[in-house]
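Undergrad: let me see the structure of the following:
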Amino acid sequence: MKDLWCLAASAMLCAGAVAGPVPAPDSLLAPARTDTLTDYDLGIFPPEGILVPYAYQVDWGDGTTDDWTEPLRIGFEAYYGHRYEREGEFEIRVRVRDSLNRVSDWSRPLPVLVAKPVRKWVFETFDPVLTTPALDRDGNIYIGDEDGWLFSVAPDGVLRWGFQADDAIYSAPVLDDRHVYFGSLDSHLYCLNREGRLVWKQDLGDEIYTSPALDRRGNVIAVTDAGGVIALSSAPRVPLFRRRVLWRFEVEEEIAGSPSIAADGSILVAADSLYCLDPDGRRRWAFAGSEDDFFFGSPVPDPDGNVVIGNTEGEVYAVGPDGEIAWQATTPDEDAM
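TA: Have a look, this model is predicted:
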């Protein structure tokens, strides 16, 4: 097999397929700053025309040079990690070795600043966290994980309490003066007190991926994956642990962002169109944009009464209080928003 490899390599050399030096890796991707408690990730893109299999060697600039990596047989980026043990300014260099054992020069240096750690503590959840936390006035942190646990963590990183829903939590909780509200993929909207005890929960009939909103009356506005916009009363009802549904508006499309509340009390949700509802759940207007528009994220009301939203075509709209375009802009690279 070795003889066959040598014959194949010789044939490529004779044909001029590998003439010339091996180019150094010219595209490295990594943060410009890190600290001594963080794993540093370096992405390397292969030089154009490199013969597979190929391998990399990384000089991290702090006196550590890795051995050659395992041979790579695909022309995609590869990622490698390192932990710096001291502070300072370092320069990372990479070189590549191709299938004929030809070694490139070192790449242009990639500078990295290693600073003092800023991390104070780490709190380990049971499953991955796919949402942002919420903070109360005392600095307590509220965050959910994919196992359905909502945790309250003190400012020093110590667990205050945990509450488990029946499915994953994919959105940030919302707080008022006394309560914590959040939705789950188990189709329920939950209300807990600040000590982590259940006050009520309500089945909304479909998975909840987004955060609820609180309107000016203190009612809770939530949306479901199936396109339902539901308002729940802040007043209790019998039986205990439930709330009265004030109204329900059906968008009939996936709602990808949390609802927003405008200064005049209007409720804003985004799906195939941008919808504006009055506080009683009646549609005031709907803005559709172009034919292929789909709006992701939460609408953002501005101080002038406009609503700013981006779509999957890379367009940003400001829609006035009457549902008409106030202005429109295109992102430079037309990325979906």
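Undergrad: check the gap between the residue nearest to residue 216 when sequence neighbours are not counted and residue 49 for me.
TA: Once flanking residues are discounted, residue 216 sits nearest to residue 265: 5.1 Å by Cβ to Cβ, 6 or more residues apart in numbering. Placement of C-beta: from N, CA and C, glycine included. Per Cβ to Cβ, to the nearest Å, residue 265 is found 62 Å from residue 49.
Undergrad: with residue 271 instead?
TA: Using Cβ to Cβ, residue 271 is found at 46 Å from residue 49.
Undergrad: neighbour count: those two, which is higher?
TA: Between residue 271 and residue 49, counted using other Cβ atoms under 10 Å, the more crowded position is residue 271 (20 against 12).
Undergrad: can you map out the strands along the stretch 101-250 of the chain?
TA: For the stretch 101-250 of the chain, the strands defined by DSSP state E, counting those that start in this stretch occupy 110-115, 134-135, 141-144, 149-153, 159-164, 174-175, 179-183, 188-193, 198-203, 213-214, 220-223, 228-236, 243-250.
Undergrad: please identify the most buried of these.
TA: strand 220-223 (a mean of 26; mean count of other Cβ atoms under 10 Å).
Undergrad: name the helices or strands packed onto it?
TA: For strand 220-223, the elements it packs on are strand 188-193, strand 213-214, strand 228-236, judged by 3 or more Cβ pairs under 8 Å, 6 or more residues apart in numbering; DSSP states H and E.
Undergrad: list of residues touching it?
TA: 181, 183, 189, 191, 204, 208, 210, 212-215, 229-232, 234, 243, 251, 255, 258-259, 261, 267, 269 (Cβ atoms under 8 Å, 6 or more residues apart in numbering).
Undergrad: these two touch, right, residue 151 and residue 157?
TA: No. Between residue 151 and residue 157 there is no contact under Cβ atoms under 8 Å: 11.1 Å.
Undergrad: which neighbours do these two have in common?
TA: Contact criterion Cβ under 8 Å, 6+ apart; residues shared by residue 151 and residue 157: residue 123.
Undergrad: how about stretch 23-32 as CSV, C-alpha atoms only?
TA: Output in CSV follows, covering the C-alpha atoms of stretch 23-32 (Å, rounded to 0.1, in the frame of the first residue of the first chain):
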residue,chain,number,x,y,z
PRO,A,23,0.8,27.8,1.0
ALA,A,24,0.6,28.7,4.6
PRO,A,25,-2.9,28.8,6.2
ASP,A,26,-4.0,32.4,5.5
SER,A,27,-7.4,32.4,7.3
LEU,A,28,-7.5,32.0,11.1
LEU,A,29,-10.6,32.8,13.1
ALA,A,30,-10.3,33.4,16.9
PRO,A,31,-11.2,36.0,19.5
ALA,A,32,-8.8,38.9,20.0
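Undergrad: and it, what's buried?
TA: Buried residues in stretch 23-32, defined by neighbour count with 16 or more other Cβ atoms under 10 Å: 23-25, 28, 30.
Undergrad: kindly report the same for stretch 128-139.
TA: Residues of stretch 128-139 classed as buried by neighbour count (16+ other Cβ under 10 Å): 129, 131, 134.
Undergrad: okay, these in CSV with pLDDT next?
TA: As requested, the buried residues of stretch 128-139 are exported to CSV (pLDDT from 0 to 100):
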residue, pLDDT
129, 94
131, 91
134, 97
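Undergrad: quick check: of those, which lies closest to residue 309?
TA: Taking Cβ to Cβ as the measure, residue 309 lies nearest residue 131 of those, at 20.6 Å.
Undergrad: quick check: residue 203 vs residue 308, distance?
TA: Going from residue 203 to residue 308 by Cβ to Cβ gives 33 Å.
Undergrad: isn't there a strand covering residue 332?
TA: No. With DSSP: H, G, I helix; E, B strand; the rest coil as the criterion, residue 332 is coil rather than part of a strand.
Undergrad: what about it, neighbour count?
TA: 7.
Undergrad: state the pLDDT value of it.
TA: As predicted, residue 332 sits at a pLDDT of 70.
Undergrad: before we move on, back to that, which of the strands of the stretch 101-250 of the chain has the lowest mean pLDDT?
TA: Note on the strands of the stretch 101-250 of the chain: strand 228-236 shows the lowest mean pLDDT, a mean of 84.
Undergrad: direction included, what does that strand pair up with?
TA: The partner list of strand 228-236 in its sheet, established with DSSP bridges, is strand 220-223 (antiparallel), strand 243-250 (antiparallel).
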